[in-house]
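S.K.: Structure for this input, please:
(one chain, ligands or ions: 1)
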Amino acid sequence: MEVLLVNGSPHKQGCTNRALEEVASALDAEGIETQIFWIGAKPVGGCVACGGCAARGACVFNDSVNECRALAADADGFVFGGPVHYAHAAGSLLGFMDRLFIPTAAQASRTPFA
Ligand SMILES: Cc1cc2nc3c(=O)[nH]c(=O)nc-3n(C[C@H](O)[C@H](O)[C@H](O)COP(=O)(O)O)c2cc1C
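M.R.: Residues are numbered from 1 along each chain as shown. Got it, this is the predicted structure:
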């Protein structure tokens, strides 16, 4: 079993990553493989509802979302972590998740998310 942990902060080694390392450590102790994926420091835009992913199986914007999607295919579970920006999850993470979920929805329909 493998769990993919997504660091939705622009800081690769920041507080979000530290929190995810704690989660990964607890999962590792249970014999569950983990991998932390960082969404990167560039702004990540949201879904523009073009529908292109339905035909391509991937987002038309070829950024870290598609890199993560490739890893997600082998994951049995996901943990998304992100910093609070103005009382909500950071915008880049929300855009990232929207664009990740649409093309992966079918394959991930039985996969737990947190
Ligand atoms: C634009 C922006 C808005 C923020 N808004 C909040 C907030 O509303 N509440 C809060 O507690 N922290 C807020 N913070 C602080 C971050 O949540 C905090 O620094 C976070 O731990 C950073 O995590 P990271 O090191 O993984 O990037 C904000 C930071 C930024 C850059």
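S.K.: so how many other residues sit close to the nearest residue to Asn66 once chain neighbours are set aside?
M.R.: Nearest residue to Asn66, sequence neighbours excluded (C-beta to C-beta, 6 or more residues apart in numbering): Ala58, at 4.9 Å. Where C-beta positions appear, they are placed from N, C-alpha and C, glycine not excepted. The local packing of Ala58 (other C-beta atoms under 10 Å) involves 16 other residues.
S.K.: swap in Ala89?
M.R.: For Ala89, using other C-beta under 10 Å, the count is 16.
S.K.: Look up the closest residue to it, ignoring the ones flanking it.
M.R.: Using C-beta to C-beta, 6+ apart, the nearest residue to Ala89 is Gly82, at 4.7 Å.
S.K.: Output stretch 68-84 in CSV, but only the C-alpha positions, please.
M.R.: Output of stretch 68-84 as CSV, limited to C-alpha atoms (Å, rounded to 0.1, in the frame of the first residue of the first chain):
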residue,chain,number,x,y,z
CYS,A,68,1.2,14.3,-9.7
ARG,A,69,-1.5,12.6,-11.8
ALA,A,70,1.1,10.2,-13.1
LEU,A,71,2.2,9.3,-9.5
ALA,A,72,-1.4,9.2,-8.4
ALA,A,73,-2.2,6.3,-10.6
ASP,A,74,-0.2,4.0,-8.3
ALA,A,75,-1.4,5.5,-5.0
ASP,A,76,-3.8,3.8,-2.7
GLY,A,77,-4.5,6.9,-0.7
PHE,A,78,-3.9,10.6,-0.6
VAL,A,79,-3.2,13.3,2.0
PHE,A,80,-3.3,16.9,0.9
GLY,A,81,-1.6,19.5,3.1
GLY,A,82,-1.4,23.2,2.6
PRO,A,83,-0.9,26.5,4.4
VAL,A,84,-3.8,28.7,5.5
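S.K.: Which positions in that stretch come out as buried?
M.R.: 68-69, 72, 75, 77-83 (16 or more other C-beta atoms under 10 Å).
S.K.: when you check the ligand, which of these turn up near it?
M.R.: Contacts with the ligand within those, as defined by C-beta under 6 Å from any ligand atom: Pro83.
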